[in-house]
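Asker: quick one: sequence plus predicted model below, questions after.
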Amino acid sequence: MGTSEPSEPEQEAHVSQGTGGTPPRTLAEALRTQDDESLAALLRARPDLLSPVPNDLSQLATRAGTRASVVRAIERLDRFTLQTAEALAVAPEPAPFETLRALLTGDEGDPRVEAALPVAVAALRDQALIWGGNDRLRLVRTARELLAPSPNHPSPTGLGPTVAEATTGMSPGRIQEILTAAWLASTHDSVSAVAALTELFTDRTRMAALLDTAPMEALSVLDRLVWGPPYGEVTSSPTPPVQWLRDRGLLLPASTRTVVLPREVALHLRAGRAHRIVEPVAPPVASRAEYGAQVVDSTAAAQAFTALGTIEELAKDWNEGGPNVLRAGGLSVRDLKRTATALDVTETVAAFWVELAYAAGLIAADGEHDERYAPTPAYDDWQELPDPRKWARLATAWLTATRTSGLVGSQDSKGRTLAVLGPDLDRGPAPEVRQRVLALLATLPEGASPEPDSLLARLRWERPLRTAATAGRPEDLRTRLAAWTLTEAEMLGLTGRGALSSQGRALLMPAPYAPDGNVTTATDLDAAAQRAAQALAPLLPEPLDHVLLQADLTAVAPGPLLRPLADLLSVAAEVESKGGATVYRFTPGSVRRALDAGQSASDLHEFLKTHSRTPVPQPLSYLIDDVGRKHGHLRVGSASAYVRCDDEALLGEILADKRSAALRLRRIAPSVLAAQADPGALLDGLRAMGLAPAAESAEGDVLLTRAHAHRAPARTAPVPVPDGPPAPDATLLSAAVRAIRAGDLASTVVHRTLPAPSGPSSAGSASGGSSDRSASGGGDLPRTTPAETLATVQAAAMTGSALWIGYVNADGAASQRVIAPVRVEGGYVTAYDHTADEVRTFPLHRITGVAELADEGDQVGGPAGGSARGQAGGSSPRTR
């Protein structure tokens with residue numbers, strides 16, 4: 001039976017041992033020449049390669065060449081590194097470094113490009129997108145397929161196919177006609193003819209002489225195609241200038257009605273440049289205005305204080321049970337409008353505060369049958385924190401959240417409107433963009449606000465493919481995220497007047513995608529939050545323990561109040577206005593509300609006298625005494641409902657009042673009226689008549705009507721949806737590199753072939769089949785008899801040498817391992833497993849065979865194999 005040829009990715013990842021000094025022929029061989037630090041850098045830059053950890057370097061190379069992984073890696077390249085890869089995709093393969101430099105600098109040269117190019121090449125090599133030495137640079141096959149020009153996938157370079165690609169399928173006679181028209185000698189075959197034409201187009205002197213004879217109209221046609229797209233439509237009877245170009249191969253047919261400008265011709269017309277504009281240096285972020293650091297910090301601190309108040313107002317509004325949860329999840333448009341009115345902000349701003357409170361775990365759905373949103377127990381804990389720490393918790397929640405309130409009101413791919421707290425607001429890139437925007441603001445001078453356009457241009461340079469992923473839209477997601485970040489950071493108090501504040505700088509942390517490999521962990525977040533809280537603390541006003549009472553029944557709080565004072569004032573008075581100072585107004589209804597909550601008139605007098613810096617005005621004292629005198633004079637209970645009062649005349653007045661007709665009252669005793677309304681409706685009706693009734697229990701005691709605080713069950717904050725696999729930490733990277741090295745050693749090590757046994761025992765093996773003696777190949781599973789296995793393992797345990805074994809686990813999965821036996825007893829061998837980098841116990845009946853590792857002189861693998869052994873598991877196995 002014949003064997004099929006391996007696929008291209010398999011060929012690229014195929015393990016092939018080279019001899020000393022031989023350049024690597026595959027990506028796997030190139031990876032074997034790298035040290036552990038370089039492998040760790042590759043896995044850090046492309047964490048998707050770790051899911052799961054590859055068995056060996058061959059599997060790592062194969063996975064690094066898959067389309068999904070390559071696309072993810074290319075999307076994270078900056079513009080110049082991407083342009084370098086695009087230039088390499090249109091260069092001959094393999095391409096020397098000088099050829100690549102010429103494609104990016106052109107004939108005139110560019111010192112900036114020449115200085116930045118080695119860094120870009122190193123970045124591509126570190127991410128395994130290119131491999132080979134500087135004299136033989138190769139782009140990973142999948143990356144070349146993605147970046148090279150094709151009719152269905154135009155290249156950003158605007159170049160077309162090569163002469164060899166464009167003449168594929170062209171008749172030999174037609175190719176010879178092109179040679180004659182271009183003043184070239186005829187050849188005996190099409191291959192040499194195409195080579196001669198290519199040589200002409202790449203020879204600057206001869207090509208210039210040919211173009212000097214071209215009509216001006218023909219040169220105009222070339223000018224329209226030179227920077228792309230390289231395709232143009234022609235009629236069945238082309239114009240003389242087009243026909244002149246076609247006759248000489250300067251335009252080649254792509255179809256019956258389409259011609260294409262060959263790549264070599266376009267490069268000559270471009271003076272050798274692959275790109276029209278090369279951007280080797282990131283555009284700077286420009287300053288729009290500069291302010292004093294104190295002005296910026298004060299403005300940001302005021303916004304931070306407002307943010308805390310807004311979250312508290314939101315929780316207070318939803319304290320007794322907030323809006324209902326939609327069947328599809330989220331908040332209805334009507335409830336969002338009502339919440340915006342309660343917070344005195346726009347609906348867009350209200351959506352941001354609601355999403356922020358949800359991201360911080362302060363509000364959630366209660367999970368009941370009639371599901372509603374309400375504050376969580378975590379909100380009560382949050383309220384007990386000092387203001388700086390409360391703000392820091394909000395800021396860190398915003399910085400790491402993937403939920404994006406800016407999407408509220410837009411539509412998803414199915415045309416459904418996205419709702420606040422709905423299920424489709426997570427966007428993975430949001431945390432990265434927020435951290436990057438703040439990091440760019442930190443590069444400006446202290447107190448400087450950025451020019452938004454320059455900031456967005458910088459972000460587009462850093463991730464050009466991601467900002468171009470939504471072509472056809474006025475703004476891509478990454479650009480919109482950056483614009484929302486600037487607005488939200490200002491509302492939250494991270495910036496003041498557009499400039500980064502002191503607490504904003506303190507909150508910055510190493511990003512997961514940073515070149516230094518630092519990873520944002522919970523410890524990093526806690527430390528950043530603590531730094532930010534310390535920076536903000538001196539800027540926030542101290543809570544006050546007093547108000548200023550005025551004769552017009554108002555109280556002015558000149559700053560934030562202590563919580564007990566603020567809580568009682570919010571019950572005993574109505575908030576009339578907010579700002580730098582909060583104005584409270586006392587009304588009969590608000591005073592009665594305080595009395596219903598358990599306060600007495602004397603308690604209110606004492607409270608105001610204690611906390612007012614001004615004398616208590618006489619009108620306010622009269623108001624409290626008047627409401628207190630009437631409060632509780634009438635008692636309402638449930639009969640269905642009744643009214644009880646010692647003043648019989650007052651009950652008579654109530655019966656005679658026409659406004660009481662709806663209550664359907666009747667006297668059942670001199671001091672008791674019965675009603676056919678429930679107690680709540682009866683209380684409201686009597687209060688509407690200007691009376692101050694009090695509810696009483698079945699025992700006759702006054703019922704205190706405090707606000708019922710409805711709480712959702714304890715719930716954790718929503719987990720951010722990551723944009724791809726999480727970044728690995730140093731421990732995982734170290735373990736993964738050791739495992740890959742050890743697995744590569746097991747798959748590539750050269751081992752000895754045991755001599756053929758004599759006797760009947762050679763008929764079987766551990767798995768019941770015949771003994772396989774072709775164990776000298778690196779990828780074959782060794783097969784030995786049980787007696788040979790036991791003898792070899794015992795000998796290795798005594799001499800301390802390493803073995804190569806085949807092992808079948810309890811699930812029937814076969815694997816190859818390199819072990820150093822330590823002890824053999826009771827049918828088990830205890831050995832150090834280089835593949836797993838740990839001491840393990842193996843049942844002898846599951847070992848399908850063993851082979852000794854070859855001596856250094858027996859190895860034919862050369863440096864590649866030796867490098868793998870020297871780095872596997874941190875130590876080399878001893879060979880016999």
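Answerer: Done, it's in. Numbers count the residues shown, from 1 in each chain.

Asker: tell me how many other residues crowd Pro725.
Answerer: 13 (other C-beta atoms under 10 Å). For the C-beta atoms, the positions are set from N, CA and C on the backbone; glycine is no exception.

Asker: just the pLDDT at it, thanks.
Answerer: pLDDT recorded at Pro725 is 81.

Asker: what residues are up against it?
Answerer: Pro47, Asp48, Leu50, Ser51 (C-beta atoms under 8 Å, 6 or more residues apart in numbering).

Asker: wait, a helix at it?
Answerer: No: secondary structure of Pro725 (DSSP: H, G, I helix; E, B strand; the rest coil): coil, not part of a helix.

Asker: surely Pro229 meets Thr157?
Answerer: No: counting by C-beta atoms under 8 Å, Pro229 sits too far from Thr157 to count as a contact (10.9 Å).

Asker: which neighbours do those two share?
Answerer: By C-beta under 8 Å, 6+ apart, no residue touches both Pro229 and Thr157.

Asker: point out where this structure drops to low pLDDT.
Answerer: Counting by pLDDT under 70, the low-confidence segments of the chain come to 1-21, 466-475, 509-520, 632-640, 698-709, 749-782, 835-837, 854-880.

Asker: determine the longest strand present in it.
Answerer: Counting residues, the longest strand found in the chain (DSSP state E) is strand 814-825.

Asker: other SSEs contacting that strand?
Answerer: If you count contacts as 3 or more C-beta pairs under 8 Å, 6 or more residues apart in numbering; DSSP states H and E, strand 814-825 packs onto helix 730-748, helix 786-799, strand 803-808, strand 828-833, strand 838-843.

Asker: chain center to the longest one: distance?
Answerer: Per C-alpha atoms, centre = their mean, to the nearest Å, the displacement of helix 730-748 from the mean C-alpha position of its chain is 27 Å.

Asker: what sits against Val850?
Answerer: Pro782, Thr784, Glu788, Thr789, Thr792, Val793, Leu803, Trp804, Ile805, Gly806.

Asker: Leu269: which of these is nearest?
Answerer: Trp804 (59.2 Å; C-beta to C-beta).

Asker: tell me where the stretch 351-500 of the chain has strands.
Answerer: 363-365, 373-375, 448-450, 495-496, 499-500 (DSSP state E, counting those that start in this stretch).

Asker: what lies in contact with the third one?
Answerer: What that stands for is strand 448-450. Counting by C-beta under 8 Å, 6+ apart, residues outside strand 448-450 touching it are 285-291, 440-441, 444, 495, 497-499.

Asker: repeat that with 6 Å
Answerer: Val285, Ser287, Arg288, Ala289, Glu290, Arg497, Gly498, Ala499 (C-beta atoms under 6 Å, 6 or more residues apart in numbering).

Asker: what strands line up against it, and which way round?
Answerer: Strand 448-450 pairs in its sheet with strand 287-290 (antiparallel), by DSSP bridges.

Asker: tell me which strands and helices the helix or strand just after the partner strand is in contact with?
Answerer: Next along the chain after strand 287-290, taking DSSP states H and E as the criterion, comes helix 293-317. Secondary-structure packing of helix 293-317 (3 or more C-beta pairs under 6 Å, 6 or more residues apart in numbering; DSSP states H and E): helix 333-343, helix 347-359, helix 387-400, strand 495-496.

Asker: please identify the buried residues of helix 293-317?
Answerer: 296-297, 299-305, 307-308, 310-315 (16 or more other C-beta atoms under 10 Å).

Asker: tell me how far it is from the chain's mean position?
Answerer: Worked out by C-alpha atoms, centre = their mean, helix 293-317 lies 27 Å from the chain centre.

Asker: can you check stretch 149-165 too?
Answerer: Going by C-alpha atoms, centre = their mean, where stretch 149-165 is centred and where its chain is centred differ by 33 Å.

Asker: ok, stretch 827-841 next?
Answerer: 39 Å.

Asker: on that earlier part again, top of the contacts of Val850 by neighbour count?
Answerer: Ile805 (30 neighbours).

Asker: correct me, but it touches Gln816?
Answerer: No: with contact defined as C-beta atoms under 6 Å, Ile805 does not count as touching Gln816 (7.3 Å).

Asker: rewinding a little: which one of the helices and strands packed on helix 293-317 lies closest to Pro241?
Answerer: helix 347-359 (56.9 Å).

Asker: buried residues, the closest one. List them.
Answerer: Glu347, Val349, Ala350, Ala351, Phe352, Trp353, Val354, Glu355, Leu356, Ala357, Tyr358, Ala359.

Asker: and the angle for it with helix 293-317?
Answerer: Using axes from the mean of the first three to the mean of the last three C-alpha atoms, to 10 degrees, the direction of helix 347-359 lies 80 degrees away from that of helix 293-317.

Asker: check which helices and strands helix 347-359 sits against.
Answerer: helix 293-317, helix 333-343.
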